[in-house]
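A.B. asks: Provided below are the primary sequence and the corresponding predicted coordinates.
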Amino acid sequence: MTNQGLTPEEAARYLRQRGEVTGGEIFLSGLSARKALELAREARRVARASGGRSVDPKDDQATSPTETSEGEAMGMTATYDDLRAQALVCRLCGLADTRKHVVFSDGNPRARLMVVGEAPGAREDETGRAFVGPAGKLLDLLLATVGLSRERSVYICNVLKCRPPGNRDPLPEEIQTCTPYLRRQIQLIAPEAILAVGSFAARFLTGREESLGRLRGEVYSYQGVPVVVTYHPAALLRNSGWTRATWDDLQFLLQIMPETDRAVTPD
């Protein structure tokens, strides 16, 4: 699906109806920053008007009846706390036999921005927290340059919630098993934008099998939420020459976030 000739209202209606029918992933590509922001705002407005979720994921009324039914069909409940509790004991794929900890997320569940990476690494598997260690510290510094922080305004997670042995690439069946958790996190967090870090997350969230260099500089949409892609902070530690490009991507990201105070006070 492309955005040519499609108003934000029509796109939001399509996304909502498609999600109700299939519950699958929906990708839009090549959006302008303005169109992506209009689409995201309209999608949230339509969700609220039809009895949809609030921004607070801990609200028991956080999902519409359709979303609740979808979650139950996937074996997942409507609230954020219940979703996290279920993920922490998940044994739906073989990674349950090799992990030390499920890495569900880190940051503020009421965030305006969601950062999505590929999968936990060794340090994350040890601690149960997403993006810790040198790469996580660099991510925090980069976010701070644009006035964002995981404590107040950023929610961080991965496509996979468990570490693949030896940090190998995720297997298709692992992705398929874990995707409902990420999809539900996006629904419940309801971020204003998603930052996909690294090639794997970028390809997953854009639906395009291209290099990260080709994917940068555009606005995409996953489940109605604008997506911007950039380099993984671990890659920046290996190649500092990409740091300026990443900073440019963050500046681009801010173009699709409303010009308001970016800090969100956690509960």
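C.D. replies: Noted; the coordinates are in hand.

A.B. asks: What distance do you get for the nearest residue to residue 181 once chain neighbours are set aside to residue 237?
C.D. replies: Closest residue to residue 181 apart from its sequence neighbours, by C-beta to C-beta, 6 or more residues apart in numbering: residue 87 at 5.4 Å. The way it works is simple: take the backbone N, C-alpha and C, and place the C-beta from them, glycine included. Counting by C-beta to C-beta, to the nearest Å, the separation of residue 87 from residue 237 is 28 Å.

A.B. asks: The two: which is more packed in?
C.D. replies: For residue 87 versus residue 237, the count of surrounding residues by other C-beta atoms under 10 Å is larger for residue 87: 22 against 14.

A.B. asks: would you say the more buried one is within a strand?
C.D. replies: No. Under DSSP: H, G, I helix; E, B strand; the rest coil, residue 87 falls outside any strand and is assigned helix.

A.B. asks: Need the per-residue pLDDT for it.
C.D. replies: Among the per-residue scores, residue 87 shows a pLDDT of 96.

A.B. asks: if we can go back for a sec, ok, now which ones touch the residue nearest to residue 181?
C.D. replies: By C-beta atoms under 8 Å, 6 or more residues apart in numbering, the residues touching residue 87 are 102, 104, 161, 181.

A.B. asks: out of these, which are inside helices?
C.D. replies: Among these, DSSP state H puts residue 181 in helices.

A.B. asks: Go through the contacts of residue 87 and say which is closest to residue 93.
C.D. replies: Using C-beta to C-beta, residue 161 is the member of these that sits closest to residue 93, with 9.9 Å.

A.B. asks: Need the residues that contact stretch 168-183.
C.D. replies: Defining contact as C-beta under 8 Å, 6+ apart, one finds that stretch 168-183 is touched by 25, 74, 76, 83, 87, 90, 92-95, 104, 116, 118-119, 157, 159-162, 164, 200, 204, 223.

A.B. asks: Now it: buried residues?
C.D. replies: For stretch 168-183, burial by neighbour count (16 or more other C-beta atoms under 10 Å) applies to 170, 174, 175, 177, 178, 179, 180, 181, 182, 183.

A.B. asks: what's the average pLDDT for it?
C.D. replies: Rounded mean pLDDT across stretch 168-183 is 94.

A.B. asks: Do a quick rundown of the helices in the stretch 101-250 of the chain.
C.D. replies: 122-127, 133-144, 172-189, 199-206, 212-215, 233-238, 243-254 (DSSP state H, counting those that start in this stretch).

A.B. asks: And the shortest one, what does it pack against?
C.D. replies: This means helix 212-215. Under the contact definition 3 or more C-beta pairs under 8 Å, 6 or more residues apart in numbering; DSSP states H and E, helix 212-215 sits against helix 199-206.

A.B. asks: dump the residue contacts of residue 96.
C.D. replies: Listed by C-beta under 8 Å, 6+ apart, the contact set of residue 96 reads 90, 162.
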